[in-house]
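*Asks:* fold the stuff below for me.
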Amino acid sequence: MPRIAQISTPVEAADRPYVVVPVVFDEGAAFVAQSIPTTLGGQTIARMLTEQWCGANGLKSAAGSTVTLRTLDATSVILVSLGSTYNDAQNFRVAGASCVRVAGDEPVGFFFPTDGIEDPRSMAQALVEGALLASYDFRRSGEAVELDVVPLGLPLPSVIVHDQVTEGVARAGVVAESVNWAKRLIDTPASEMTPKELARQVELRLRDDAHVAIRSWNEATVKEERLGGLAGVAQGSAQPARLVYATYDPQPKVELPHVALVGKGVTFDSGGLSLKTADGMTTMKTDMSGAAIVMAVMSIASRLQLNIRLTAIAPMTENLPSDRALKPGDVLTMRNGMTVEVLNTDAEGRLILADGLSLAVEANPDAIVDVATLTGAQRVALGDEVAAVFASTDELAQYFAAASERSGEQTWRLPLVEGYEGHIDSDVADMKNTGKAGAAGTISAALFLRRFTDGRPWVHVDIAGPGRSDSVRGYYTKGATAFGARTIVEFLEAVEGRSSTD
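*Replies:* As a prediction, this is how the structure comes out:
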């Protein structure tokens, strides 16, 4: 059941069907903050829970571990572990997720002790993000139930601290709702979420966001604009291609930092004539994750009123076999005039991203970030919980690594190995769309994309593994994750902050 987060008072929250009391562990015992009410749900809340009590009742030190104290009263108390500290944002996310899963469809009041929290805004944001992300359910999109957050302090939280918690809760609501919107697009069956429908949904989302302008290019415009990669991949499908081009500029008369975002939007990937296996196709509606993510980031930037310029570009198509489909050995001419020999039609994502990156270069940004479910090799190398990141400069890599740390989305930088450039050389074109068989597939794909960035500062994020979760874990739900959206937002906020101090 979706949720809506709001600030509440202790009296109002205490009447919820579930109230949450966080605990921290030290040497096996669990401790409750002094600012937590001593009585909740008709029960006395002890300040310390012994190691024996925790063991007997199943409350563990691992973040997110819970035990529910039920009474004949209408209110039950959930004790949830934050681990050993009040200052770990990821632990707050996991705790928030655990509590809403225990509560199910019922409203929840979370008692949030600010004593001992160094950054109340960030911890409140993390708590609510975890709860709202975990509340996503593709099958159920009805009226939201409440998540009350109650800032506490001794004797009361200061006005400054209360405002920080309020801001964190509001920001989390914007971020999580936008990420869940992207997840819903990704989880929609491919027969419903065609390129045309995806473009329409993005237009509906962004058209009322402040300072955002949006254009959707149809199939004719795609060809007129010389998007050879997108047009080439799309020719095998009866569904026409689209490209969505959105901009955000809150101060047109001020020179702001400008970042271009490019997202892969393959709404279904059969592999084309280089056909995938039946099992390999079952999750291929997820292959438009990049497009959904960059447009969600655009919406977040507007709704958080970030003081930064953005250009978001999302080429959208299906990749299907037909009598018109690309054939291995065909040569395409991309937007920037470079030619590509297509030896594997299942390496189509880099073809449409090449056009998107070429358009991004023409927008003259300070930096480019692209995100895509691009290579199976990424999942082999890093699994389902860590994205591969490539960066053209160490400074950009450091910025993105710090953003990843703040968001809780794990990334790992891989190298752009110059010696592997020969893997994508072609005898009949400027390059080919495949690397050396069985060797460095994720790196060769990144090297391919780099050729379309014109030497500009650039980050490439391959989310082939973490873009989808096969099970519920932490604050991730089964299915689409929209992994990377929150990290990109953190990255943009860091760029914005750096600009304000220059």
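*Asks:* show me the helices in the stretch 251-400 of the chain, by range?
*Replies:* When assigned using DSSP state H, counting those that start in this stretch, the helices of the stretch 251-400 of the chain occupy the ranges 278-281, 289-303, 349-362, 376-382, 394-407.
*Asks:* mean neighbour count, mean pLDDT and distance to S141 for those helices - can I get that in TSV?
*Replies:* C-beta here means a position set from N, CA and C on the backbone, and glycine is covered the same way. Formatted as TSV, the helices of the stretch 251-400 of the chain follow (neighbours: other Cβ atoms under 10 Å; pLDDT from 0 to 100; distance: least, Cβ to Cβ, whole Å):
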stretch	mean neighbour count	mean pLDDT	distance to S141
helix 278-281	11	96	26
helix 289-303	29	98	16
helix 349-362	26	98	29
helix 376-382	19	97	29
helix 394-407	18	98	25
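*Asks:* got JSON lines for those, with distance to V202 too?
*Replies:* Converted to JSON lines, the helices of the stretch 251-400 of the chain look like this (distance: least, Cβ to Cβ, whole Å):
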{"stretch": "helix 278-281", "distance to V202": "24"}
{"stretch": "helix 289-303", "distance to V202": "5"}
{"stretch": "helix 349-362", "distance to V202": "14"}
{"stretch": "helix 376-382", "distance to V202": "25"}
{"stretch": "helix 394-407", "distance to V202": "22"}
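*Asks:* Q52: which of those helices is closest?
*Replies:* Proximity to Q52 (Cβ to Cβ) singles out helix 394-407 among these, at 36.4 Å.
*Asks:* coming back round to it: ok, which of the helices of the stretch 251-400 of the chain comes nearest E12?
*Replies:* helix 289-303 (26.1 Å).
*Asks:* tell me how many other residues surround the closest residue to T393 other than its chain neighbours.
*Replies:* The shortest distance from T393 to any residue that is not its chain neighbour, by Cβ to Cβ, 6 or more residues apart in numbering, is 5.7 Å, and that residue is P457. The number of residues packed around P457, counting by other Cβ atoms under 10 Å, is 17.
*Asks:* do the one 5 residues further on as well
*Replies:* The criterion is other Cβ under 10 Å. On that basis, D462 has 33 neighbouring residues.
*Asks:* got phi/psi on the closest residue to T71 other than its chain neighbours?
*Replies:* With sequence-adjacent residues excluded and distances taken as Cβ to Cβ, 6+ apart, T71 is closest to G42, at 5.0 Å. Listed backbone geometry of G42 is phi 80, psi 10, with angles given as degrees, to the nearest 10.
*Asks:* residues contacting G42?
*Replies:* Contacts for G42 (Cβ atoms under 8 Å, 6 or more residues apart in numbering) come out as T71, L72, D73, T75.
*Asks:* can you check D115 too?
*Replies:* Shown here is D115, whose contacts under the criterion Cβ under 8 Å, 6+ apart are A33, Q34, S35, L152, G153, L154.
*Asks:* how about low-confidence regions in this protein?
*Replies:* 498-502 (pLDDT under 70).
*Asks:* which strand in it has the most residues?
*Replies:* Ranked by residue count and defined by DSSP state E, the top strand of the chain is strand 309-319.
*Asks:* ok, back up a step: mind putting the contacts of G42 into a markdown table with neighbour count, secondary structure and distance to P321?
*Replies:* Output for the contacts of G42, formatted as a markdown table (neighbours: other Cβ atoms under 10 Å; DSSP: H, G, I helix; E, B strand; the rest coil; distance: Cβ to Cβ, whole Å):
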| residue | neighbour count | secondary structure | distance to P321 |
| --- | --- | --- | --- |
| T71 | 12 | coil | 62 |
| L72 | 5 | coil | 63 |
| D73 | 11 | coil | 62 |
| T75 | 19 | coil | 58 |
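*Asks:* closest one of these to D425?
*Replies:* Of all those, the one with the least separation from D425 (Cβ to Cβ) is T75, at 67.9 Å.
*Asks:* the closest one against A13, yeah?
*Replies:* No: using Cβ atoms under 8 Å, T75 is not in contact with A13; the gap is 9.7 Å.
*Asks:* for stretch 369-376, measure first residue to last.
*Replies:* Distance across stretch 369-376, first residue to last, is 20 Å (Cα to Cα, to the nearest Å).
*Asks:* buried sites along that stretch?
*Replies:* Neighbour counts over stretch 369-376 (16 or more other Cβ atoms under 10 Å) mark V369, D370, V371, A372, T373, L374, T375 as buried.
*Asks:* next: stretch 110-118.
*Replies:* With burial defined by 16+ other Cβ under 10 Å, the residues of stretch 110-118 counted as buried are F110, F111, F112, P113, T114, I117.
*Asks:* related to what we said a few turns ago, tell me which of the helices of the stretch 251-400 of the chain lies nearest to L343.
*Replies:* Distances from L343 to each of the helices of the stretch 251-400 of the chain were compared using Cβ to Cβ; the minimum, 11.5 Å, belongs to helix 349-362.
*Asks:* other SSEs contacting that closest one?
*Replies:* Helices and strands touching helix 349-362, as assessed by 3 or more Cβ pairs under 8 Å, 6 or more residues apart in numbering; DSSP states H and E, comprise helix 228-234, strand 242-248, strand 258-263, strand 265-269, strand 309-319, strand 339-342, strand 367-372, helix 441-450.
*Asks:* ok now do L198, which residues does it touch?
*Replies:* Per Cβ under 8 Å, 6+ apart, neighbours of L198: L185, R242, G265, T267, M288, A291, A292, M316.
*Asks:* now it: which helix or strand?
*Replies:* Secondary structure assigned from DSSP states H and E places L198 in helix 195-206.
*Asks:* relative orientation of that helix and strand 265-269 in degrees?
*Replies:* Angle, helix 195-206 to strand 265-269, by axes from the mean of the first three to the mean of the last three Cα atoms, to 10 degrees: 140 degrees.
*Asks:* could I get the buried residue list for helix 195-206?
*Replies:* Judged by neighbour count using 16+ other Cβ under 10 Å, the buried positions of helix 195-206 are P195, K196, E197, L198, A199, Q201, V202, R205, L206.
*Asks:* next one: stretch 429-436
*Replies:* Counting neighbours by 16+ other Cβ under 10 Å, stretch 429-436 gives A429, D430, M431, K432, N433, T434, G435 as buried.
*Asks:* from the residues you listed, which land in helices?
*Replies:* Secondary structure from DSSP state H places none of the buried residues of stretch 429-436 in helices.
*Asks:* specify which member of these is nearest to A63.
*Replies:* G435 (40.0 Å).
*Asks:* skip the chain neighbours and tell me the closest residue to the closest one.
*Replies:* Distances taken as Cβ to Cβ, 6+ apart put S444 closest to G435, at 2.8 Å, once the chain neighbours are dropped.
*Asks:* looks like that neighbour contacts I424 (just checking).
*Replies:* Yes: under the contact definition of Cβ under 8 Å, S444 touches I424, with a separation of 5.5 Å.
*Asks:* overlap of the contact sets of the two?
*Replies:* Overlap between the neighbourhoods of S444 and I424 consists of T434, G435, taking contacts as Cβ under 8 Å, 6+ apart.
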